[in-house]
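>>> Just the structure for this:
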Amino acid sequence: MTTALLDRPQAKARRSLTLDAEIAEYLDASGNASGTANALLQEGIAARVQRAALAALVAELDAEYGPADPAEVERIAALFA
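Predicted coordinates for the structure are as follows:
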């Protein structure tokens, strides 16, 4: 699944899920439990797809150029902290 698939209207499929009570309460309080759940799942799946693509890119770069220097990674990470 790519994030592009999540950007366009999709056919709906009915599923039965067992949820933690707090999650069910949150969805019920939204006024549109199905729509809210769908939007949250889309966001979560898109994030996982993006992380997997990034991990694949990092693995490819590691294979081509070797692993990153830990000191350099720490220095750059500090810029975003």
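
>>> Output the below-cut-off pLDDT ranges for the protein.
Low-confidence segments of the chain (pLDDT under 70): 1-7.

>>> In the chain, which helix is the longest?
helix 33-65 (DSSP state H).

>>> residue furthest from the geometric center of the protein?
residue 71 (28.0 Å; C-alpha atoms, centre = their mean).

>>> how close does that one sit to residue 58?
17 Å (C-beta to C-beta, to the nearest Å). (Each C-beta comes from the backbone N, C-alpha and C, glycine too.)

>>> what does residue 18 give?
On the measure of C-beta to C-beta, residue 18 and residue 58 end up 35 Å apart.

>>> for residue 20, same thing?
33 Å.

>>> For those two, work out which one has more neighbours and name it.
residue 58 (12 against 8; other C-beta atoms under 10 Å).

>>> which residues touch that one?
If you count contacts by C-beta atoms under 8 Å, 6 or more residues apart in numbering, residue 58 has none.

>>> ok, back up a step: could you point out which element follows the longest helix of the chain?
Downstream of helix 33-65, the first helix or strand assigned by DSSP states H and E is helix 70-79.

>>> send the alpha carbons of that following helix over as CSV?
This file holds the C-alpha atoms of helix 70-79, laid out as CSV (Å, rounded to 0.1, in the frame of the first residue of the first chain):
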residue,chain,number,x,y,z
PRO,A,70,27.5,8.0,14.9
ALA,A,71,29.1,11.3,16.0
GLU,A,72,27.7,13.0,12.9
VAL,A,73,24.3,11.5,13.4
GLU,A,74,24.3,12.7,17.0
ARG,A,75,25.4,16.2,15.9
ILE,A,76,22.6,16.4,13.3
ALA,A,77,20.0,15.0,15.6
ALA,A,78,20.9,17.8,18.1
LEU,A,79,20.0,20.4,15.5
